[in-house]
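Participant: Sharing a sequence plus its predicted fold:
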Amino acid sequence: MEGRFPGRILPYALLFPSIAVIAVFLLVPAVEALRLSFFEVSPFTGRGTFVGLANFRELVRSDIYRGSLSVTLLFAVGVVALGLAGSLAVAVLASLRLPGFGVYRTVLLWPYALSPAVAGTIWALLFDPSTGPVTVLLRAVTGLSPNWMMNGTYALAVTVVAATWKMLGFNIVFFLAGLQAVPQELREAAQVDGAGAVRVFWRITFPILSPVTFFLFVMNSLYAFFEVFGLIDVMTQGGPGGATEILVYRLYQDAFIAARWGIASAQSILLFVMVGALTLLQFRLAGRRVVYA
């Protein structure tokens, strides 16, 4: 250590910027949110009155909050299931060695580079009830003209598809990397033994992809809970009738629209605990099926 670093202070000095960023932007806000969750804060004076667990009790008893939780779970299941299945299928196609597929692979990454607000704007225009290309196509093919701004089920489906598309490039990159690591000789040996393409995929390729799949399973779950605020805000603002009001958007409504900072802080704590418990459950259940060798 002495030969590599001139003195004992340098390693700590190099770590200090990262530790300071984590402390200022993660630890301090987390502690403050925990403190505020036990107070009812006045939006006019900023002073808080200690109320103990009253904010948490109000959330547990709130039909609106429970409805938002149900919407969030449906949204997350849709994004994770559709995202992993769709991106795996596209990654398998993109891994084929065909002319021009290098450009195709690059284009697949572009959606992930867009901000959630831009992605939301694109999909809102595509599904515009009057002039959207998708709406016009549905009207021409089926004679139906669904209005996702008025139909809650349709709105939730559209936002799930939009959020899945936004994450598609991220998933494809990891699946492509995993597919490159599958030994070709294993697939060739299975084919020589008479195994078909589908059997080779499920018996050889997919088990080898299980670490990548599990990683993306966790990351897509976190994305569905935390990173779609901009998309929801641009497309539906939680409507119609709360049909797309996921927990993070409910938190925003209480914190910055209703100025109920104590309730919003309690929501942030509950959301953190729920996502942490869900992640641990994923590691306990899904993690056991991962094959690393």
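Facilitator: Good, I have the coordinates. Numbering: from 1, shown residues only.
Participant: Can you tell me the centre-most residue of this structure?
Facilitator: With distances taken as CA atoms, centre = their mean, residue 223 lies nearest the centre of the chain, 1.7 Å away.
Participant: what residues are up against it?
Facilitator: By CB atoms under 8 Å, 6 or more residues apart in numbering, the contact list for residue 223 reads 79, 163, 167. No exception for glycine: its C-beta is placed from N, CA and C like everyone else's.
Participant: how about 10 Å then?
Facilitator: Residue 223 sits next to 76, 79-80, 83, 116, 163-164, 166-167, 170-171, 216 when contact means CB atoms under 10 Å, 6 or more residues apart in numbering.
Participant: what separates it from residue 120, distance-wise?
Facilitator: Using CB to CB, to the nearest Å, we find residue 223 at a distance of 14 Å from residue 120.
Participant: and if you look at residue 201?
Facilitator: 34 Å.
Participant: And the pLDDT for residue 184?
Facilitator: In this model, residue 184 is scored at 81, pLDDT.
Participant: The contacts of residue 223: which two are farthest apart?
Facilitator: 116 and 216 (18.4 Å; CB to CB).
Participant: Could you check which of those two has the larger neighbour count?
Facilitator: Just comparing residue 116 and residue 216: by other CB atoms under 10 Å the higher neighbour count belongs to residue 216, 25 against 20.
Participant: so which strand or helix has that one?
Facilitator: Per DSSP states H and E, residue 216 falls inside helix 210-226.
Participant: Residue 32 too?
Facilitator: Judged by DSSP H and E, residue 32 forms part of helix 28-36.
Participant: Just list what that helix packs against, helices and strands only.
Facilitator: helix 261-285 (3 or more CB pairs under 10 Å, 6 or more residues apart in numbering; DSSP states H and E).
Participant: For the helix it packs on, buried residues please.
Facilitator: Buried residues in helix 261-285, counted by 16 or more other CB atoms under 10 Å: 261-271, 275, 278.
Participant: Closest to residue 242 out of these?
Facilitator: For the buried residues of helix 261-285, the nearest to residue 242 is residue 267 (15.0 Å; CB to CB).
Participant: residue contacts, that closest one?
Facilitator: Contacts of residue 267 (CB under 10 Å, 6+ apart): 33, 37, 55-56, 59, 65, 68, 247-248, 250-255, 260.
Participant: re earlier: from residue 164, how far out is the residue nearest to the centre of the chain?
Facilitator: With CB to CB as the criterion, residue 223 and residue 164 are 10 Å apart.
Participant: Return every residue with contacts to both of these two.
Facilitator: Residues within reach of residue 223 and of residue 164 at once, by CB under 10 Å, 6+ apart, are 79-80, 83, 171.
Participant: Now for the chain, the helix or strand with the poorest mean pLDDT.
Facilitator: Across the helices and strands of the chain, mean pLDDT, DSSP states H and E gives its lowest value to helix 101-108, namely a mean of 71.
Participant: how about the helix holding residue 216: buried residues?
Facilitator: Buried, per 16+ other CB under 10 Å, within helix 210-226: 210-214, 216-221, 223-225.
Participant: That helix to helix 261-285, inter-axis angle?
Facilitator: 170 degrees (axes from the mean of the first three to the mean of the last three CA atoms, to 10 degrees).
Participant: any idea how far residue 193 lies from residue 205?
Facilitator: 15 Å.
Participant: More neighbours: the two, which one.
Facilitator: More crowded of residue 193 and residue 205, by other CB under 10 Å: residue 205, with 19 against 9.
Participant: how about the nearest residue to the more buried one, chain neighbours excluded?
Facilitator: residue 182 (5.3 Å; CB to CB, 6 or more residues apart in numbering).
Participant: for that neighbour, what are its contacts?
Facilitator: 95, 200-201, 204-209.
Participant: Could you dump the residues you listed into JSON lines and include distance to residue 133?
Facilitator: Conversion of these to JSON lines gives the following (distance: CB to CB, whole Å):
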{"residue": "95", "distance to residue 133": "30"}
{"residue": "200", "distance to residue 133": "38"}
{"residue": "201", "distance to residue 133": "34"}
{"residue": "204", "distance to residue 133": "40"}
{"residue": "205", "distance to residue 133": "36"}
{"residue": "206", "distance to residue 133": "35"}
{"residue": "207", "distance to residue 133": "40"}
{"residue": "208", "distance to residue 133": "39"}
{"residue": "209", "distance to residue 133": "34"}
